[in-house]
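In: Need coordinates for the following:
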Amino acid sequence: MANQTTKQDPAAQGAKPPFPPQQQSLPGSDAAMRPQADHGEETYRGSGRLAGKRAIITGADSGIGRAVAIAFAREGADVLVSYLSEENDAQQTRRLVEDAGRKAVLVPGDIGDEALCRNIVDTAMRDLGGIDILVNNAAYQKVFDDIADITPEEFERHFRTNVFAMFNLCKAALPKMSAGAAIINTSSVQAYDPSPTLLAYAATKGAIVTFSKSLAKQAIKQGVRVNVVAPGPVWTPLIPASMPSEHTEKFGQDSLLKRPAQPAELAPAFVFLASQESSYVVGEVLGVTGGSHILP
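Out: Take a look at the predicted model:
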C-alpha cells in the first residue's frame, strides 16, 4: 500500500463522533463542514509511485476525491480535477496539487452529461498529454424513508451521476489508455450492506461493482487494470448535504472503529490500485470500511 505518514491517529484529530448537528445544500462544501475533513494536507508523504502519470479524478474538489488528488500529486502525477460547481473547493484542490509541484487542470460541470464526459477526456489528452489513471469517484446521494418517496426523476439522477457518468468516462477514456494504465471506480459498503434509507444510492453502488468486474475482463486485453474501492462511512460534504442534521451526530458510530473515516484514510487504497504495486490485482474490490465486511 502507499506510504502515508500520519502525525496523530485520526480519532485524535476530531474524527470521532459526535459531530455537531449540521446540514448543507447539495452538493455541499468542504469549507462549511464542522469539523473540517482531513484530506492528508499535513500528513501524506509521497515516494514517486506515480511519477509522470496523468490522472482524471471526478469529484476531486473535496472529500475522497481531494484526498486522492493530493496523494496522486505527491506521488508524482498530474491531475485533472472534475467537479460540479464548487469553485472555491476546486481552487483549493488546485493549489494543493500545484504546491506538490504537479499540474492541475480544472473542469467544472455535471458529469451526468455525456458531452462533458467526452470533454473531460479530450481536455486530459490535450492539457495533460494523455491518461494513465481514471478515478470515477463523484457521486450523488439522497436519503428517503420509503420507496414511495423516491420519484423516477430522483432514481434516474442517482444512476445518471453514479453509473452513467462512469460508463461514459470509461467508454471515452479506455481507447486512449495504454498498457499499465488503471481505472479505479468508487463503490461503497452500501453495495453489500445497504441501508434502507439509501435504496437508490445503494443500488448504484452495486451496479458499479458488477460493471467494474465485467469491464476488467475487457480492459485487461489491452493491459488496463480495472478495480474498485468500497469505502465505509467517510466524513465528506456529501454527509451534511444529503442527511438530516441529527444524523451527523452519530455518523460512522456503527463501524468497528466507532467513527467515520477521514478522506485521507482512503487515499492510500487508490494509490495502491493506480501503481504498479498492484500489477496483479484485476477486477477486485478493496474495502476500506472500518471493519464492515464486504463480499466481493
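In: For this protein, which segments count as helices?
Out: 63-74, 87-99, 114-123, 152-159, 165-173, 199-219, 238-242, 267-274 (DSSP state H).
In: Serialize those to CSV and add fields for mean neighbour count.
Out: (Each C-beta comes from the backbone N, C-alpha and C, glycine too.) Output for these, formatted as CSV (neighbours: other CB atoms under 10 Å):
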stretch, mean neighbour count
helix 63-74, 30
helix 87-99, 18
helix 114-123, 18
helix 152-159, 14
helix 165-173, 22
helix 199-219, 19
helix 238-242, 23
helix 267-274, 25
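In: weakest of the ones you listed in terms of mean pLDDT?
Out: Across those, helix 238-242 has the smallest mean pLDDT, namely a mean of 65.
In: State the distance from residue 207 to residue 87.
Out: To residue 87, residue 207 is 30 Å away according to CB to CB, to the nearest Å.
In: ugh, wrong one, residue 56
Out: Look at residue 56 and residue 87: by CB to CB, they are 19 Å apart.
In: Check residue 135 too.
Out: Residue 135 sits 21 Å away from residue 87, going by CB to CB.
In: likewise residue 42?
Out: Residue 42 sits 24 Å away from residue 87, going by CB to CB.
In: again with residue 106
Out: Distance from residue 106 to residue 87, by CB to CB: 9 Å.
In: Ok, residue 123 next?
Out: Distance from residue 123 to residue 87, by CB to CB: 17 Å.
In: Could you do residue 281 as well?
Out: From residue 281 to residue 87 the distance is 36 Å (CB to CB).
In: just residue 26 next, same as before
Out: Noted for residue 26: a distance of 16 Å to residue 87, by CB to CB.
In: What is the burial count for residue 180?
Out: 12 (other CB atoms under 10 Å).
In: nope, residue 132 is what I was after
Out: By other CB under 10 Å, 22 other residues sit near residue 132.
In: Enumerate every residue touching it.
Out: Shown in contact with residue 132 (CB atoms under 8 Å, 6 or more residues apart in numbering): 53, 54, 55, 77, 177, 178, 180, 181, 182.
In: From what I see, the first one and residue 271 are in contact.
Out: Spelled out, that is residue 53. No - using CB atoms under 8 Å, residue 53 is not in contact with residue 271, being 10.5 Å away.
In: Identify the contacts common to these two.
Out: Common contacts of residue 53 and residue 271 (CB under 8 Å, 6+ apart): 72, 75.
In: one step back: format the helices of the chain as JSON lines; extra columns: distance to residue 289.
Out: Converted to JSON lines, the helices of the chain look like this (distance: least, CB to CB, whole Å):
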{"stretch": "helix 63-74", "distance to residue 289": "13"}
{"stretch": "helix 87-99", "distance to residue 289": "25"}
{"stretch": "helix 114-123", "distance to residue 289": "29"}
{"stretch": "helix 152-159", "distance to residue 289": "21"}
{"stretch": "helix 165-173", "distance to residue 289": "20"}
{"stretch": "helix 199-219", "distance to residue 289": "12"}
{"stretch": "helix 238-242", "distance to residue 289": "16"}
{"stretch": "helix 267-274", "distance to residue 289": "11"}
